[in-house]
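Student: sequence first, then the predicted structure:
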Amino acid sequence: MTTRSFALTVMSCLAVMAYAGAVCAQVDLSGNWALESTQDGREHASGPFPGNFAGIPLNQQGREAGWAYSGDQHEELYRQCEAWPMSYLVTGPWGGTFTAVRNHDGDVIAWHLSAPLYDRLPNTIWMDGRPHPPSQAVHTYSGFSTGHWEGDTLDVYTTHLSDAILERNGPPMSNKATVRLFLTRHGDELMVLGVIRDPVYLEAPWVKGQDFRLVLAGNSNEVPEYCQPAEVVEGLSDGYHTATVLPDQIPAAQTYMQRHYGIPMLASQGGAQTLYPQFRKKLTGLYKTRTTYCTQYCCSGRGTQRFCKGIE
């Protein structure tokens, strides 16, 4: 092959790839998306149990920070409107509305993802190739997100996130964490796969998935609720006190799943090993079937009625 023909071949290939990319980039995410997945239904409703970090690849530092977490901190005056980070899209119960931001030529330069509640801030996903800010730039709960199309999947990368928690029972996320989302639309269904990495508190990437359904405008799990700071817990909401869990109180969170459900602490404390099926072999002989009555969340399924005395 001559140099000229080789150059023409390369140019033709690049043109085809560019055209294919342009076609794939036409996937429309616009609309109101409501949560469809029910695999984490109870966590979406009342929240995870205290100290139950199973399936979250926490390292020891993250585990200890989670055990020391107190839900009362959200009653502190300056934290009552504290938001969730971008990761809440794959760990929380809310969807949102995607709106295309276009330039004067009609090209999509960004996708705007609104939030149905105050506790997850809106996000802008820049599609125009702009770089992420330097590491010392401001960190927010929305972070800074860029995206590009890989076939029919939108690949979103988010940095510059504020310190936050991953779940409502306190596993932490540092401001060095990153969130990568893969959004794929199939008709009126939107599949979102999230990969959360944190060099401070996680010993491996945490992968979570959610499914969303396209719904009529104004019905994307929206709740007419707005943040109104108010004194709720006396002593905490006055601006002078902080909710804390003292070291001698931490064992209560550590052993909660053992005391209530017989789940070994090896499983409930999380870690990368709890992500894989073979981990169950390590629990052989450790799990003890309850012989006493359950006290909460025991009677929602079949075959559990015999343990339903005294439920909360």
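Tutor: Structure's in. What do you need? For clarity, every value in this text was computed on a predicted model and none was experimentally measured. Numbers count the residues shown, from 1 in each chain.

Student: quick one: low-confidence parts of the stretch 1-150 of the chain?
Tutor: 1-26, 116, 118 (pLDDT under 70).

Student: now do the strands in it.
Tutor: With DSSP state E, counting those that start in this stretch as the criterion, the stretch 1-150 of the chain has strands at 31-35, 96-102, 108-113, 123-126, 144-150.

Student: mind putting those strands in CSV, distance to Met191 and mean neighbour count included?
Tutor: Quick note: C-beta positions are derived from backbone N, CA and C, even for glycine. Converted to CSV, the strands of the stretch 1-150 of the chain look like this (distance: least, Cβ to Cβ, whole Å; neighbours: other Cβ atoms under 10 Å):
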stretch, distance to Met191, mean neighbour count
strand 31-35, 11, 21
strand 96-102, 14, 17
strand 108-113, 15, 19
strand 123-126, 16, 21
strand 144-150, 14, 18
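
Student: of all those, which one is nearest Gly209?
Tutor: strand 31-35 (11.8 Å; Cβ to Cβ).

Student: reformat the strands of the stretch 1-150 of the chain as CSV; add distance to Leu181.
Tutor: Below are the strands of the stretch 1-150 of the chain laid out as CSV (distance: least, Cβ to Cβ, whole Å):
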stretch, distance to Leu181
strand 31-35, 13
strand 96-102, 12
strand 108-113, 10
strand 123-126, 9
strand 144-150, 8
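
Student: what bridges to Val179?
Tutor: Beta bridges link Val179 to Thr158, Ile196 when assigned by DSSP bridges.

Student: gap between it and Gly96?
Tutor: From Val179 across to Gly96, the span is 15 Å (Cβ to Cβ, to the nearest Å).

Student: also Glu189?
Tutor: 15 Å.

Student: could you do Met127 as well?
Tutor: 17 Å.

Student: quick one on the thing from earlier: of the strands of the stretch 1-150 of the chain, which is nearest Pro133?
Tutor: Comparing these by Cβ to Cβ, strand 144-150 comes nearest, at 6.0 Å.

Student: what residues does that closest one touch?
Tutor: For strand 144-150, the surrounding residues in contact (Cβ atoms under 8 Å, 6 or more residues apart in numbering) are 21, 24-25, 27, 86, 111, 123-127, 129-133, 137, 154-160, 182.

Student: do stretch 122-129 as well
Tutor: By Cβ under 8 Å, 6+ apart, stretch 122-129 touches 86, 101, 108-115, 142-143, 145-148, 154, 156, 158.

Student: contacts only, for Ser142.
Tutor: Counting by Cβ under 8 Å, 6+ apart, Ser142 makes contact with Pro85, Met86, Leu121, Pro122, Asn123, Thr124.

Student: for it, what are phi and psi?
Tutor: Ser142 adopts backbone torsions of phi -80, psi -30, taken as degrees, to the nearest 10.

Student: ok, now how distant is it from Ile56?
Tutor: 23 Å.

Student: just Leu246 next, same as before
Tutor: Taking Cβ to Cβ, one finds Leu246 at 24 Å from Ile56.

Student: go on, Ala252?
Tutor: 19 Å.

Student: neighbour count winner among the two?
Tutor: Ile56 (27 against 13; other Cβ atoms under 10 Å).

Student: now the residue nearest to Leu202 when sequence neighbours are not counted: how far from Glu203?
Tutor: Of all residues not flanking Leu202 in the chain, Pro57 sits nearest, at 5.2 Å (Cβ to Cβ, 6 or more residues apart in numbering). Look at Pro57 and Glu203: by Cβ to Cβ, they are 5 Å apart.

Student: those two - which one has more neighbours?
Tutor: Using other Cβ under 10 Å as the criterion, Pro57 and Glu203 rank with Pro57 on top: 23 against 18.

Student: which residues touch the more buried one?
Tutor: Leu202, Glu203, Ala204, Pro205, Trp206, Gly270, Gly271, Ala272, Thr274, Leu275.

Student: tell me how far it lies from Ala272.
Tutor: Taking Cβ to Cβ as the measure, Pro57 and Ala272 are separated by 4 Å.

Student: and for those two, which residues touch both?
Tutor: Common neighbours of Pro57 and Ala272, counting by Cβ under 8 Å, 6+ apart, are Glu203, Ala204.

Student: returning to what we had before: nearest to Met265, out of the strands of the stretch 1-150 of the chain?
Tutor: strand 31-35 (31.2 Å).

Student: each with direction, which strands does the closest one pair with?
Tutor: If you go by DSSP bridges, strand 31-35 pairs up with strand 96-102 (antiparallel), strand 206-215 (antiparallel).

Student: nearest to Asp72, of the ones you listed?
Tutor: Closest of the strands paired with strand 31-35 to Asp72 is strand 206-215, at 25.7 Å (criterion: Cβ to Cβ).

Student: next, format the contacts of Ser142 as JSON lines and append distance to Thr284.
Tutor: Converted to JSON lines, the contacts of Ser142 look like this (distance: Cβ to Cβ, whole Å):
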{"residue": "Pro85", "distance to Thr284": "37"}
{"residue": "Met86", "distance to Thr284": "39"}
{"residue": "Leu121", "distance to Thr284": "45"}
{"residue": "Pro122", "distance to Thr284": "48"}
{"residue": "Asn123", "distance to Thr284": "44"}
{"residue": "Thr124", "distance to Thr284": "49"}
